[in-house]
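Undergrad: next one to model:
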Amino acid sequence: MRPNEPGPSIYGVTIAMTGRPSVRIRLRRLARELTKFGTVGAFGTLVNFVVFNLCVHGFGLAVVRSGVISTIVAIGTNYIGNRYWTYRDSDKSRQSRELTLFAFFSGIGLVIENGALAISHYGLEFTSTLADNVAKNIVGVGIASIFRFWSYRTWVFRGVAEEGDGAADTTAAPPSDGSPAVAYPSESQPR
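TA: Reported below is the predicted structural model:
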């Protein structure tokens, strides 16, 4: 077997000589992760939108203060969704570290999101309801979501296998005869 040839395939999981899943499998996992993250984020955006407009129009609070309140509420719902659905298989042994990092990176996202609102409302003087919602809930949330996806998957919700060899969702069987490692799907992976 040549170094760049795919290795054995068990249950559709192909492992190359490097011990990592094939590119196709990694892309499929990334697509599944993005879909789940996007679904949680869409729900969080809905919460953000409702709370923001309730604070501005129902309680008469300033727009940036309302933006910060709504973002904090959405961060809470997003943590629950990401922890217990998107990244449910990630390492749970260090949840206090995870929560600290989640709060830290969410705080940076909060600044990005509400910074776009502040620039639009106070800097550019776009003060209509539509302008505030576009600046915060489309531009701000969009930019912050890209940052959050990268930071959460890189620093916060790390899998046990990811920290070692990058082969999340698989358990490598140690080769006893010098042959390449073969990965078997974990219990949570559909077969």
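
Undergrad: isn't S151 up against A103?
TA: No - S151 is beyond contact range of A103, at 11.6 Å (criterion: C-beta atoms under 8 Å). Any C-beta I mention is one placed from the backbone N, CA and C, and that applies to glycine too.

Undergrad: which of the two has more neighbours?
TA: S151 (18 against 13; other C-beta atoms under 10 Å).

Undergrad: the more buried one: helix or strand, and which one exactly?
TA: Assigned by DSSP states H and E, S151 falls within helix 141-151.

Undergrad: any idea where the helices of this protein begin and end?
TA: 23-53, 63-81, 95-118, 129-134, 141-151, 160-164 (DSSP state H).

Undergrad: residues contacting N48?
TA: Contact analysis of N48 by C-beta atoms under 8 Å, 6 or more residues apart in numbering lists S70, T71, V73, A74, K136, N137, V141.

Undergrad: go on, Y122?
TA: V64.

Undergrad: tell me the pLDDT at it?
TA: pLDDT for Y122: 97.

Undergrad: ok, T71 touching L110?
TA: Yes - with contact defined as C-beta under 8 Å, T71 counts as touching L110 (4.7 Å).

Undergrad: when those two are compared, which one has more neighbours?
TA: Using other C-beta under 10 Å, the more surrounded residue of T71 and L110 is T71, with 29 against 21.

Undergrad: check the gap between that one and F105 for me.
TA: 13 Å (C-beta to C-beta, to the nearest Å).

Undergrad: picking up where we left off before, ok, so of the contacts of N48, who is nearest I25?
TA: V141 (30.6 Å; C-beta to C-beta).

Undergrad: OK, contacts around that closest one?
TA: V141 touches T45, N48, E113, counting by C-beta under 8 Å, 6+ apart.

Undergrad: and if you look at F126?
TA: S120, D132, A135.

Undergrad: quick one: which of these is nearest Y87?
TA: Closest approach between the contacts of F126 and Y87, by C-beta to C-beta: A135, at 29.4 Å.

Undergrad: tally of neighbours for the closest one?
TA: 24.

Undergrad: list the contacts of the nearest residue to it once chain neighbours are set aside.
TA: Leaving out its chain neighbours, the residue that sits closest to A135 by C-beta to C-beta, 6 or more residues apart in numbering is S120, at 3.4 Å. The contact partners of S120, by C-beta under 8 Å, 6+ apart, come to F126, A131, D132, V134, A135, K136, V139.
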